[in-house]
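Novice: Sharing a model prediction with you, sequence too.
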Amino acid sequence: MKDNWIEIAVFKKDMLSDENLLKTANLSGIGKLTKLIVGQIYYVRGVNREEVKKLAPFIFYNPLVDHVFYDQIPQWQDQIIVIEYLPGVMNPVKQTVEKVLKEYLDGNIAINTRKIFLISGKFNRSLLVSRILSNPLIEREAALNTPVIELTNVPRNEIKPVPITDLNSEELKELSVKMMLSLNVQEMNEIQRYFKEIKREPNQAELETIAQTWSEHCVHKTFKGTFNYNSETITNLLKSTIVCATEKISRQDCLSVFKDNAGIVRIDDQLAYCVKVETHNHPSALEPYGGAGTGLGGVIRDILGTGKGAKPVAGIDVFCTGNPHVDYESLPSGVLHPRRILTGVIEGVRDYGNRVGLPTVAGALIVDSAYTFNPLVFAGCVGIIPVKDSYKQAAPGDKIVLIGGRTGRDGLHGATFSSLSLDVDSEKTSSGAVQIGNPIEEKKVIDAVIKIRDKNLIQAITDCGAGGLSSAVGEMGEKMGATVHLELVPLKYQAIQPWEIWLSESQERMVLAVKPEHLAEVEKICSLEQTEAVVIGEFTDNKRLQVYYQDQEIVDLPMDFLHEALPPKKVTAKSREVEIKEYYPSNLNLENSLVELFSYLDIASKQWIIREYDHQVQGKTIQTPFSGEKQKAPADGVSIKSDYQLDQNIVIGLGININLGKLDSYKMAYFSVEEALRNLVCGGGDPSKAVLLDNFSWGSVEDAYSMGDLVKAARGCHDAAINYQTPFISGKDSFNNTYQDGEKLISIPPTLLITAVSTSCKLPPGTVFSENSEDIWLIGPFKPGLGGSYLEKTLQQGPTFLPEIDPALSKLIIRRIYDNLESFRCLHDISDGGLLVCLAEMLMTTGLGAEVVIDSPYDLEQFLFSESPSRFVCSFINNKVPSALIDLPLIRLGRTDDSGLIKITHHHKTCKIEVSKVEQCYFRDKI
């Protein structure tokens, strides 16, 4: 290797192929590979060769399973491909190895890494590189034995004005697009008006600062806008629906709602929990591994930045993707294959969550062709915080302290990029918006912040998320003012301009407000945790945001203009009419129908995903994602201990229903709240203590019908929250989830994720039958209608009637079930696929069967496959029904037996379903 680099190549001793990668490659339409061996190359400079060899077994490879080659690679007759990160992209392996080496050795040590692939077969090399082995957004192919390219210092550009005061509206619009500001003409006109008034032009940093502060991602300007809905005017949709419901309910245990990084709810006089669920959709469409990983990393920091610092204790992940088996050739250039997206987001959450030590306990998977171009990634986190630390306030004179990772060019324009539609050029024009995370650095930051908090050294704290320092400092100093000196910010490399330092969304960074007398203690704690802490400025009382690089003024803007001058958005919304067809499927082969339903990744076992995650790290998980003796059946709700010393558990339930969303967004919202509460109570959660989070992922804000769906969904959230007396404490919206394919704009369906969280000292029953001769009971009313069901999706007959909900009865059922939870032997809610899917899930893995008699005037297919809400299948301890449940809609369906069959009798006609057959389909390898 040239330039004095020592080259260390590491491969597994068995030299076997990476089977998952090999399978993906052979399904991608690029040829036939017979071998695909993956290795890692480390490059070390500034260290004696003998010292490297001495340390190598402890740092670079494991002698038990790995084989190492110095300045060479194994003999290989076929093709070799080497992949490296693009200059400036975060390389967490390089960063970690460099830190470890510097702990042992002195000198000017430099590290770099590359991936190496040894490949046999006949294939298209360029497609293999671009589709499978790399992401051109962040990586490139490198020739073997070529020198490692390092970033060199670049001269700082002079801060120049950007002329806008004399531009017309069309020119302002073009400037917004060119600079990727994501601002409309009205907003650009307001910026122009301000700078005309003060008689100067803005510079790039100022325009970028305004753009991220006014971005859809940061300020939720559409949801807060004025809606012209049909002939009705709605002022601030968010406040008039979701926030309004919370204010009406006015729960005293809700300590903080809609104002901090996460909602905070009291557990007792000493302890509270906080919850946040974020979206990371656009970044995950371009770079799924990094997008999902940093999505989780970002929401972890949201929790860490709540109050004076909450400890993250549990993670949530929900993925919506296209069909992973779609033909590669059907996708336009620039769109990643759904298989790659799905595997990438799974691995991204896995690697970040597992390495940071966070149990991923709850989640969901939705697969639909509507998400082929715009996948959705929801990442959530639960935290624990002392009640006394739930309030924070920075003050003039407090120092601005930046702790955590160093700053680079990664993540530029993340906030504004998230407000745009994707298109064929997004992978090129938005490459800077992609981030790569380092969970090891995040773990250090978490440990440092909690120790600093416990010593009462923090006045206020927030994370560096969208918009980077500009957002973090701008929001913390909104009511006061702030001065920042960018030359004090630690950098990954010097090849970065001042405005990029200010706007960078480099990961693993937090901003603290610290009194001057506490600085030394804060720096000491961070040093012990091996994470950097530097003072980069202070909060002032002049109500201005002033940013400098050395003696150059980068930003000088009044806080009131930044945070109050955004013109209110006007939104046109229209109600959508869906034509309902009347049809009643009959004489279906029930076993075949069940097998077909289990072919949906949405319904089938998620074991192949969940087993990738550590859902019991930290030792607080009570109810895991699995249930039953074999821990294979799906649990409805999950729970973790709030504290090792308390008997109160935190219980989580999720609700999402995109099939309903395509037909009636009001019912989608209402039913999703109800589903989340059903899952919650099955997990042991107290519905009277439940709180909600909403996550809206929607289409174009310019589409009047899409906005009409938004109005209906928001009202559904309001009405459901009022009915169940469950306040919303936090939420997130993500708009413009669209893809411009030539002249065609492709939009996702209205998508709403509801997260319900509560506390309880009760333990949940299982979700599977456990004994022969258990009486099987159905609780809840049956409302006919296959509309929005998976059977309707399978039959493709067009939308039919939707089921109804009885709000008062639904609330009563959920309450009664919780009050009598100790009486249940097993309990499982009916959701995706209907009653028959629910029964099958409760019998699979048990070896049991069941004899069921359906005495209903409705068609058997309606009764078995309708996804009518408010229903549960259960059995009771000693087959004894609690008297408190007698007055509820309650039907004895039958009894378990040892036949291994589900025998269903309806109107004197009996059909049989072999449980083992559908079980094989339910658990088979899915991608």
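Specialist: Right, received. Where do you want to start?
Novice: Against residue 901, how distant is the residue lying farthest from the centre of the chain?
Specialist: Relative to the C-alpha centroid of the chain, counting by C-alpha atoms, centre = their mean, residue 908 is the outermost residue, at 48.9 Å. Distance, residue 908 to residue 901, by C-beta to C-beta, to the nearest Å: 18 Å. Glycine gets a C-beta too; all of them are placed from N, C-alpha and C.
Novice: Look up the closest residue to residue 599, ignoring the ones flanking it.
Specialist: residue 921 (6.6 Å; C-beta to C-beta, 6 or more residues apart in numbering).
Novice: and that neighbour, that one's in a helix?
Specialist: Yes: remark: residue 921 belongs to a helix, assigned using DSSP: H, G, I helix; E, B strand; the rest coil.
Novice: Name the single longest helix found in this protein.
Specialist: Assignment by DSSP state H gives helix 704-724 as the longest helix of the chain.
Novice: what's it packed up against?
Specialist: For helix 704-724, the contact count by 3 or more C-beta pairs under 8 Å, 6 or more residues apart in numbering; DSSP states H and E identifies strand 226-229, helix 237-238, helix 244-249, strand 570-573, helix 665-682, strand 691-697, strand 751-760, helix 807-819 as packing neighbours.
Novice: Any idea which of the ones you listed gets closest to residue 727?
Specialist: For the helices and strands packed on helix 704-724, the distance to residue 727 is smallest for helix 244-249, at 4.0 Å, taking C-beta to C-beta.
Novice: Listing request: residues of the protein with sub-threshold pLDDT.
Specialist: Scanning the chain for pLDDT under 70 picks out the ranges 1-3, 149-156, 411, 413-435, 926.
Novice: domain ranges for it?
Specialist: In the domain annotation for the chain, the residue ranges read 6-142, 172-199+206-211, 765-927 (automatic domain parsing).
Novice: which stretch among the ones you listed comes nearest residue 491?
Specialist: Closest to residue 491 of the domains of the chain is domain 6-142 (C-beta to C-beta; 11.2 Å).
Novice: now the strands for the stretch 1-150 of the chain?
Specialist: 6-12, 31-45, 66-70, 79-85, 110-123, 139-142 (DSSP state E, counting those that start in this stretch).
Novice: residues near residue 563, how many?
Specialist: Neighbouring residues of residue 563 were enumerated by other C-beta atoms under 10 Å; the total is 16.
Novice: try the one 10 residues further on
Specialist: Using other C-beta under 10 Å as the criterion, residue 573 is surrounded by 24 other residues.
Novice: Excluding chain neighbours, give the residue nearest to it in space.
Specialist: Using C-beta to C-beta, 6+ apart and skipping the chain neighbours, the partner closest in space to residue 573 is residue 707 (3.7 Å).
Novice: didn't that neighbour look like it was pressed against residue 575?
Specialist: No: under the criterion of C-beta atoms under 8 Å, residue 707 is not in contact with residue 575, lying 10.2 Å apart.
Novice: so what sits against both of those two?
Specialist: Contact criterion C-beta atoms under 8 Å, 6 or more residues apart in numbering; residues bridging residue 707 and residue 575 by contacting each: residue 229.
Novice: which of the two has more neighbours?
Specialist: residue 707 (25 against 14).
Novice: give me every residue that touches that one.
Specialist: Listed by C-beta under 8 Å, 6+ apart, the contact partners of residue 707 are 222, 227, 229, 571, 572, 573, 574, 701.
Novice: now swap in residue 810 and tell me
Specialist: Residues touching residue 810, when contacts are defined by C-beta under 8 Å, 6+ apart, comprise 674, 723, 724, 869, 870.
Novice: One more: residue 734?
Specialist: The neighbourhood of residue 734, defined by C-beta under 8 Å, 6+ apart, consists of 217, 279, 281, 376, 418, 695, 696, 697, 698.
Novice: From residue 378, how far out is it?
Specialist: When C-beta to C-beta is the yardstick, residue 734 and residue 378 sit 9 Å from each other.
Novice: any common contacting residues for the two?
Specialist: Residues touching both residue 734 and residue 378 (C-beta under 8 Å, 6+ apart): 279, 695, 697.
Novice: export those residues to TSV and tack on neighbour count?
Specialist: Output for the shared contacts of residue 734 and residue 378, formatted as TSV (neighbours: other C-beta atoms under 10 Å):
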residue	neighbour count
279	25
695	24
697	24
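Novice: Which single one of these is nearest to residue 495?
Specialist: Using C-beta to C-beta, the shortest approach to residue 495 within the shared contacts of residue 734 and residue 378 belongs to residue 279, at 31.0 Å.
Novice: where along the stretch 551-700 of the chain do the helices fall?
Specialist: Here the stretch 551-700 of the chain has its helices, by DSSP state H, counting those that start in this stretch, at 559-564, 590-597, 607-610, 658-661, 665-682.
Novice: Mean neighbour count, those: which tops it?
Specialist: Burial of the helices of the stretch 551-700 of the chain is given as mean neighbour count (mean count of other C-beta atoms under 10 Å); helix 665-682 ranks first at a mean of 28.
Novice: For residue 394, which non-adjacent residue is spatially closest?
Specialist: Beyond its immediate neighbours in the sequence, the residue positioned closest to residue 394 (C-beta to C-beta, 6+ apart) is residue 513, lying 3.6 Å away.
Novice: What strand or helix carries that neighbour?
Specialist: Taking DSSP states H and E as the criterion, residue 513 maps to strand 509-514.
Novice: so which of the helices and strands packed on helix 704-724 comes closest to residue 128?
Specialist: Relative to residue 128, the nearest member of the helices and strands packed on helix 704-724 by C-beta to C-beta is strand 691-697, separated by 32.4 Å.
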